[in-house]
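Trainee: Show me how the following folds:
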Amino acid sequence: MKLRRYLSLIVTACLTAVAGLAFHRIFGFGPIVSVVVVAAVVPTVLSALLAGPKSDRPWPLWISLVLTVLASVGTVTVTALRPALGDGSLPQTLRSGVLSSWKSILTTLLPAPAKPEFLVLVHVVVWLAAFASAELALRTSLRAAPCLPAFGVFGIALLLGVDGPGSNLGLVAATVVLIAVLILVRSGEGANWRPILLGLPVAGALGGLAFLSGPYVPVSAEPYNPREQVAAPPPQQRDSVSPLDRVGGWLHNGNQFLFTVRGDKTEDLRLAVLDRFDGVTWSSTAKFTPTGSRVPSDPEPGERRSVTQQITIRDMPGIWLPAADRPRQVKPQDGLGVVVDPDSGTMAAAQPLRPGQTYRIDARVRTWKGADFGGASAAQDAEAQAARQLPNGPGASKPPVQIAEFRALAQRATAGATTSGLQAVMLSQFLKQYAKYDISAPPGHSYRQLDYFLGEARRGTPEHFATAYALLGRTLGLPTRVKVGFRGGTLTGDERVIRSGDVMVWPEVKLEDYGWVPFDPIPEQARRSKGNTVAAGETQKGLAQAQQNAINQNRGSGPGKVPSAPPVKPGAAEDSGIPLWTLPIIGIALLLLAYLLAVMIAPALRKRRRRSGPPAAQIAGAWHQALEHLNDVGLATARTLTAHEVARFGAKHLGETALAHLRPLADLVNRSRFSGSTPDPRAADAAWEHSDQVGRLVTAKAGRPKRLYRRLHPRSLKRGR
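Mentor: Numbers count the residues shown, from 1 in each chain. All right, here's what the predicted structure looks like:
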């Protein structure tokens, strides 16, 4: 019997370790294997030692609990928290790991970095589950009860890693096998190992069946994601200057060495996506989230090709990180903390950039071969609706007069366009010829400054051309935004050197079936005047060709009616709080949960109290426990019955087998109450053994559902001592 008990401990340790490996979708297998193995094995061994090789009863649970907490703190200090030992941050790291690491993980794009405070959470969860499983295996006879803590670990790992890479299918199959093995081990009697040997192949077959059938099990396409309920923290320090406001200064001082790029393909590098205009300046609505390495994929349609680049910062101000189109993965070095906007893929540093910082990106760049914008319509989703807004300006109560002038100019520039796609292309071609490129133009992109650029000066920098296009497009009902980035550069060996004079600003329009499409309204002489030695990349060439094709297809067609701008429907204010109608439901649910916990815990506490104290009190407690069992088969009250009458009642309803336990128990109770001698501890142990046997007989007779119903009844909270 003892061999089976220790064998079941081995199985529970393996089961907990397998459940702990489900955290691989958060960190990958490498950082967590050692943490999980130690946290699963050490508490199991500790519980086995406290049980004692020659004792049928383990030590009191509170002793095991105190020792396992002390052992857990010591173990996590020399494993997961070893990097924090030298810098004096151990207490703070341990505290944040236990209390707040779960929220940090939920606000980090997976896979998360293997920070010590994050690994503390894995250690604590797996350790507690391993300790609980071992104690359940030692202290209960329920066959599958030791499996329950492992399910808790699995549940936590699934919630925290719901959108992480990888699959838990293999771990689920291993869990099925281990559960079957545990039930087999705990089901046998004595030295009969034949059922176990025969059941092992069946357990393996069940695991194989789970592995093979897992991909075909119908599940929800969008599982519950707790990340949607947790607000992502902003970067630790925002850039106080918008990248768009730096454009004029960068162009005037065009030789400032910003960064270098190593890569096999030449692509435009975007720095920031600015999608909100307040009448004076463009800003970003990005909601940055820390990331270990991954950037969420672009939901927009279209073909893409892979581009790998290594970027080294030289004299780049601010926090924005340049990258080719939309990165898929980022691998920072030199302690560079990266935050990402999941919607746009824009990257930023958690702290202001420093010279020498390096990061590697794997990006997916859009290809535009075969694109036909001529027949495209403007997108109508919520993001597109927000990108059509034309605010009155700070403190203004009515639209400025410039908006009507911009609309008239935009309609004249796109006369004859029958689709939103043609409007977008024609507007770009119009601005190329309407104004000239001049880096000496005064910076600014408010309503008044753009009115001066379009009405009088007709000279400007990329800042003016891009922001003017965005505002003109919005007057036509086109959803627009502005991007700041870099184009070209000079080659130095195998590096592309990006200087401040390579800055570029371009607008984008969101078209149905294409997503955000870049346009280049800057005159051609701007490219020649900059004198860049790096030619345009394949993406820029394909995009320019697609837009030229749209112009060519429209030539020769008669003028048509310009489609009116679609009305902007004011979106209902979103309420991010909890609806009021859910509060009573939550309250009722909490009360039910509290009641269930009370009726489940009260009998256990009552039994524990009855088993404590001197032997006479323990014998009396065993008798009251037996009376409580007999209530489930119809014993209404025992106040008017003698102990032997109660025994005869039990024999009548449970059979003669019950009499073999109730009669000795009645004798022990009578001797304890009425004889002058003091009972010894062995008599108390015998009384509790008889009482437990009566409980098993009552369960077999009344059935577990009836006993569960009686336990859930409110009177279970106020039964006698």
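
Trainee: any idea how far the residue nearest the centre of the chain is from T291?
Mentor: A centroid search over the chain (Cα atoms, centre = their mean) returns L106, at 4.1 Å, as the residue closest to the centre. For L106, the distance to T291 equals 13 Å [Cβ to Cβ, to the nearest Å]. (Glycine included, C-beta is placed from N, CA and C.)

Trainee: I'd guessed the residue nearest to the centre of the chain sits against V162; true?
Mentor: No: counting by Cβ atoms under 8 Å, L106 sits too far from V162 to count as a contact (9.5 Å).

Trainee: Between those two, which contacts overlap?
Mentor: 226-227 (Cβ atoms under 8 Å, 6 or more residues apart in numbering).

Trainee: Which residue ranges of the stretch 451-600 of the chain form helices?
Mentor: Ranges of helices within the stretch 451-600 of the chain are 462-475, 525-530, 538-554, 582-610, based on DSSP state H, counting those that start in this stretch.

Trainee: out of those helices, which comes closest to R25?
Mentor: Smallest distance to R25 across the helices of the stretch 451-600 of the chain (Cβ to Cβ): 28.9 Å, for helix 582-610.

Trainee: Just want the angle from the helix or strand following the closest one to helix 582-610.
Mentor: On the C-terminal side of helix 582-610, the nearest following helix or strand under DSSP states H and E is helix 615-630. Following axes from the mean of the first three to the mean of the last three Cα atoms, to 10 degrees, one obtains 130 degrees for the angle between helix 615-630 and helix 582-610.

Trainee: okay, now the domains of this protein?
Mentor: 2-229, 244-366, 373-487+503-554, 583-717 (automatic domain parsing).

Trainee: Look up how far L159 lies from the residue nearest to the centre of the chain.
Mentor: In terms of Cβ to Cβ, L106 sits 9 Å off from L159.

Trainee: Find residues that contact each of those two.
Mentor: Common contacts of L106 and L159 (Cβ under 8 Å, 6+ apart): P226.

Trainee: so where's the stretch 51-200 of the chain uncertain?
Mentor: 52-58, 84-89, 188-200 (pLDDT under 70).

Trainee: show me where it has strands.
Mentor: Shown for the stretch 51-200 of the chain, no strands are assigned by DSSP state E, counting those that start in this stretch.

Trainee: cool, the stretch 301-450 of the chain as well?
Mentor: Using DSSP E, counting those that start in this stretch, strands in the stretch 301-450 of the chain cover 304-313, 320-321, 323-324, 326-332, 338-340, 347-349, 358-366, 436-437.

Trainee: Format those as a markdown table; extra columns: mean neighbour count.
Mentor: Shown next, in a markdown table, are the strands of the stretch 301-450 of the chain (neighbours: other Cβ atoms under 10 Å):
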| stretch | mean neighbour count |
| --- | --- |
| strand 304-313 | 17 |
| strand 320-321 | 26 |
| strand 323-324 | 26 |
| strand 326-332 | 21 |
| strand 338-340 | 25 |
| strand 347-349 | 25 |
| strand 358-366 | 21 |
| strand 436-437 | 17 |
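
Trainee: Mind checking those strands for the one nearest to R262?
Mentor: Of all these, strand 304-313 comes closest under Cβ to Cβ, at 4.3 Å.

Trainee: which outside residues touch that closest one?
Mentor: The contact list for strand 304-313, computed with Cβ under 8 Å, 6+ apart, reads 258-265, 267, 298, 321-325, 328, 353-367.

Trainee: Neighbouring strands - and their directions - for it?
Mentor: Sheet pairing of strand 304-313 (DSSP bridges) gives strand 257-263 (antiparallel), strand 358-366 (antiparallel).

Trainee: just how off-centre is that strand within its chain?
Mentor: Here strand 304-313 shows a centroid-to-chain-centroid distance of 26 Å under the convention Cα atoms, centre = their mean, to the nearest Å.
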